[in-house]
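Asks: Return atomic coordinates for the entry below.
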Amino acid sequence: MPRLLRLAALLLTLAPAAQAQEATVLAEYWTNNGSLPPEYAWETSVSILADGKLTLTHCTGYETEGPACKTRRATVPTEALAAIITAAEASGLADKPAQETETPMVGGSLSGGRVLLEQGEVTLLSQPAEADAARVGSVLTAIRAAIPARFNRFLEE
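Replies: Numbering: from 1, shown residues only. Below you'll find the predicted structure:
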C-alpha cells in the first residue's frame, strides 16, 4: 500500500503543475496499420495527461489533420495512471533504454509511445530488440489498458 500512496502523491503533485500552465503529458501511444494504399491506411495517436485527460486522434489515409481526422476525449482513472507509472518504473527503460531490433519487420501494423517520469523519458520503440520486447510491451500494455474500451475500434481496424 505505501507504493500506491507514493504513486497517488506523485499524481497529485503533477496535477497542480499541469493546471498552472499547460497540462503535463504523462504518456503517449500511437498505432497504425502499416504501409497500405491510402484508402486503407489509418493511424491513431493518444495523449494522456497527468491529470487524467485523454485525447485520441484517429486519421485515415495518410492525412494528419483536417476532415480525415477525428478527435475524441475521455478521462483516465487515477488507478490506470498509477499503473502506467508503475509499469514504466518497473521496466527500467528510463535508466537502460530499449534497443532497436536488428531485424525490422516489413509490413504489418506498429505501435509505440513514451512515458514521462520524474527520472526521465521512457521511449517505447515499435520494434525493440528481442531482449527488450517484454519491458517495452509491459508499458505499452499498461497504456493501452488505460484507454477506454469504447476507443478500441480506433486502435484495431
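Asks: Could you give the bridge partners of the residue nearest in space to the middle of the chain?
Replies: A centroid search over the chain (C-alpha atoms, centre = their mean) returns Tyr29, at 2.7 Å, as the residue closest to the centre. With DSSP bridges applied, Tyr29 shows beta-bridge pairing to Val46, Gly113.
Asks: wait, Pro104 sits on Gln127?
Replies: Yes. Counting by C-beta atoms under 8 Å, Pro104 touches Gln127, with 5.3 Å between them. The C-beta positions use only the backbone N, C-alpha and C, and glycine is treated the same way.
Asks: Looking at those two, which one has more neighbours?
Replies: Gln127 (16 against 9; other C-beta atoms under 10 Å).
Asks: how close does that one sit to Ala133?
Replies: Distance, Gln127 to Ala133, using C-beta to C-beta, to the nearest Å: 9 Å.
Asks: Ok, Pro67 next?
Replies: 37 Å.
Asks: Between these two, tell me which one has more neighbours.
Replies: Set Pro67 next to Ala133 and count neighbours by other C-beta under 10 Å: Ala133 wins out with 14 against 8.
Asks: what ranges do the strands span in this structure?
Replies: Listed in chain order, the strands found in the chain under DSSP state E are 25-32, 42-49, 53-60, 69-75, 110-117, 120-124.
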